[in-house]
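Student: Make a model of this:
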Amino acid sequence: MQRRLFARYERRDVPRRTMRPLSSLRWYIGALLFLSTVINYIDRQTLSVLAPVLKEQFRWTNSDFALLVIAFRVAYSFGQTASGRLLDRVGTRAGLSVAVAFYSTVAVLTSLASGLRSFIAFRFLLGAGESANWPGATKAVSEWFPRRESGWAVALFDSGSSIGAALVPFIVLAVHRISGSWRPAFIVTGVLGFLWLPLFRWLYRSPEEHPRLSPEERADILQNRASAADAPPRHGRPETGAGGGGPLGYRTLLSLPQTWGIVIGKGLTDPVWFFITDWFAVYLASRGFTLEDSLLAFWVPFLAADLGNFAGGGASSALIARGWRVGAARKLVVVLGTLAMLLLIPTLYVSSLGWLTTCFAIATFGYAALSTMILNLPADIYPTRSVASVSGMGGTAAGVGTIAATYLTGVVADRYSFAPILMGASLVPLIAMVAVLVLVRNNAATRAGVVSEI
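Tutor: Alright, predicted model coming up:
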């Protein structure tokens with residue numbers, strides 16, 4: 001029954017009449033993915049912006065607030081592996097449609113929460129629904145963009161996270177100020193997904209069947225997204241999913257060092273970003289800055305992250321255009337981004353809001369550039385039919401790391417301060433950098449055509 005349900009979402013007859021092609025249609029698709037990520041982050045960050053208000057009303061400690069964050073992360077983490085596999089089986093259009101409808105409904109219903117337990121339940125459900133966004137967007141990039149442009153495309157949709165995080169304080173605080181209550185803020189932000197969904201259903205189809213795609217753009221996409229990994233292995237029988245059919249089996253994926261490089265890379269860097277998105281308002285308050293007085297400071301690091309997405313994607317694409325190998329171009333950005341994240345350490349020693357904001361901005365710029373590269377690696381390396389699976393596994397690793405980091409943040413912040421947390425957030429990404437440099441490499445699987453050269 002479940003398969004029939006998703007098949008009904010996915011099947012649509014291509015119109016018989018000739019439709020005028022849209023020029024550069026792939027970038028319209030990229031814009032849709034960007035908007036989806038913006039909405040995704042607005043929904044999840046509504047709670048973080050309202051945290052000081054909710055903590056006061058419900059008398060939550062930092063440890064209580066950490067439980068809310070963990071509830072979201074548990075569902076989001078393990079949901080990414082499940083949703084990634086599901087997307088590879090049912091398709092991007094069906095998978096994202098169901099996911100956005102589900103988490104938008106949950107976001108609206110959060111306005112009915114009455115205490116810690118109900119908030120935990122709604123945050124868990126929201127995390128389960130939102131887990132499909134990154135595997136789905138990464139899969140869409142692998143379907144729609146030539147390899148030379150995939151860095152830009154990933155930067156575009158991933159930048160939606162920082163744009164959404166930057167916009168949400170203005171939206172949420174405005175609704176809270178006008179209504180005098182936190183409840184309408186969840187309704188207003190939750191409705192945004194329902195506004196996006198009809199546009200996505202109308203425009204998104206695969207390049208092979210899209211009626212508005214020109215023959216020239218279709219040929220460019222299909223020819224240049226293809227790689228050795230999309231062809232059957234040259235030696236022996238293909239394993240499940242190789243050379244056609246379903247995605248590569250988990251045994252194959254987990255036997256590849258490239259997979260572990262991506263998993264470790266995301267698992268040890270994403271917790272830094274989620275610390276900033278979930279705890280930044282609380283951290284500013286702990287330093288004596290009110291959210292109203294430091295609204296610009298709250299906004300600047302997320303704008304810097306947005307710029308970092310495009311800087312990382314653009315720099316790697318420019319290097320590839322100059323003849324660099326894909327792997328070398330991606331890894332250079334990973335190294336530079338990791339070094340920039342060391343700027344979280346000086347935030348402990350500066351007292352002015354301006355310098356604190358500057359250090360956070362440089363660190364989030366570096367994180368975003370690095371993150372864009374790690375997000376791009378599944379599309380660089382794996383067959384299109386397995387991209388969401390690998391992306392989801394990386395997302396699960398990131399979620400597990402974030403859950404552990406979130407729990408420690410609540411405990412350490414209550415007992416000591418944020419100083420040990422910021423030290424770790426600066427230094428742990430160095431391990432992730434080494435994992436990407438060492439494990440993401442060409443090997444026997446590359447030579448056999450199971451995955452692409454990097």
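Student: list the contacts for residue 423?
Tutor: 345, 348 (Cβ atoms under 8 Å, 6 or more residues apart in numbering). Quick note: C-beta positions are derived from backbone N, CA and C, even for glycine.
Student: repeat that for 7 Å
Tutor: By Cβ atoms under 7 Å, 6 or more residues apart in numbering, residue 423 lies in contact with residue 345.
Student: From residue 94, how far out is it?
Tutor: Counting by Cβ to Cβ, to the nearest Å, the separation of residue 423 from residue 94 is 44 Å.
Student: next SSE after the helix or strand bottoming out on mean pLDDT in the chain?
Tutor: Of all the helices and strands that make up the chain, helix 2-10 has the lowest average by mean pLDDT, DSSP states H and E, namely a mean of 42. The helix or strand immediately downstream of helix 2-10 is helix 25-49, counting by DSSP states H and E.
Student: Could you give the average pLDDT over that following helix?
Tutor: In this model, helix 25-49 carries a mean pLDDT of 94.
Student: how far does that helix sit from the chain's center?
Tutor: 10 Å (Cα atoms, centre = their mean, to the nearest Å).
Student: Return the set of buried residues in it.
Tutor: Residues of helix 25-49 classed as buried: 25-27, 29-30, 32-49 (neighbour count, 16 or more other Cβ atoms under 10 Å).
Student: List the buried residues for the next helix or strand after it?
Tutor: Counting by DSSP H and E, the element after helix 25-49 in chain order, helix or strand, is helix 51-58. For helix 51-58, burial by neighbour count (16+ other Cβ under 10 Å) applies to 51, 52, 53, 54, 55.
Student: Could you do stretch 425-442 as well?
Tutor: 425, 426, 428, 429, 432, 433, 434, 435, 436, 437, 439, 440.
Student: can you list contacts of stretch 91-110?
Tutor: Contacts of stretch 91-110 (Cβ under 7 Å, 6+ apart): 6, 9-10, 36, 43, 83, 86-87, 122, 125-126, 129-130, 132, 136, 139-140, 143, 186-187, 189-191, 193-194, 196-197, 200-201, 204-205.
Student: quick one: the helix or strand hosting residue 171 to chain centroid distance?
Tutor: Under the criterion of DSSP H and E, residue 171 resides in helix 150-179. Here helix 150-179 is found 13 Å from its chain centre; the criterion is Cα atoms, centre = their mean.
Student: If you count contacts, what does that helix end up packed against?
Tutor: helix 25-49, helix 133-144, helix 183-203, helix 295-321, helix 353-381 (3 or more Cβ pairs under 7 Å, 6 or more residues apart in numbering; DSSP states H and E).
Student: still on that earlier bit, now which of the contacts of stretch 91-110 would you call buried?
Tutor: 6, 9-10, 36, 43, 83, 86-87, 122, 125-126, 129-130, 132, 136, 139-140, 143, 186-187, 189-190, 193, 196-197, 200-201, 204-205.
Student: For residue 101, see how far away the residue nearest the centre of the chain is.
Tutor: The residue lying closest to the centre of the chain (Cα atoms, centre = their mean) is residue 134, at 4.4 Å. In this view, residue 134 and residue 101 are 18 Å apart by Cβ to Cβ.
Student: next one: residue 259
Tutor: Note on residue 259: its distance to residue 101, by Cβ to Cβ, is 31 Å.
Student: what about those two, which has more around it?
Tutor: Set residue 259 next to residue 101 and count neighbours by other Cβ atoms under 10 Å: residue 259 wins out with 27 against 13.
Student: so that one makes contact with residue 253?
Tutor: Yes: contact criterion Cβ atoms under 7 Å: residue 259 and residue 253 qualify, at 5.1 Å.
Student: Now for these two: what residues contact both?
Tutor: residue 390.
Student: how about residue 451, secondary structure?
Tutor: coil (DSSP: H, G, I helix; E, B strand; the rest coil).
Student: try residue 205
Tutor: coil.
Student: nearest residue to it other than its sequence neighbours?
Tutor: Among residues not flanking residue 205 along the chain, residue 93 sits closest, at 6.5 Å (Cβ to Cβ, 6 or more residues apart in numbering).
Student: and what of residue 375?
Tutor: The nearest residue in space to residue 375 (Cβ to Cβ, 6+ apart) is residue 154, at 5.1 Å.
Student: can you tell me which of the buried residues of helix 51-58 lies nearest to residue 450?
Tutor: Using Cβ to Cβ, residue 51 is the member of these that lies nearest residue 450, at 45.6 Å.
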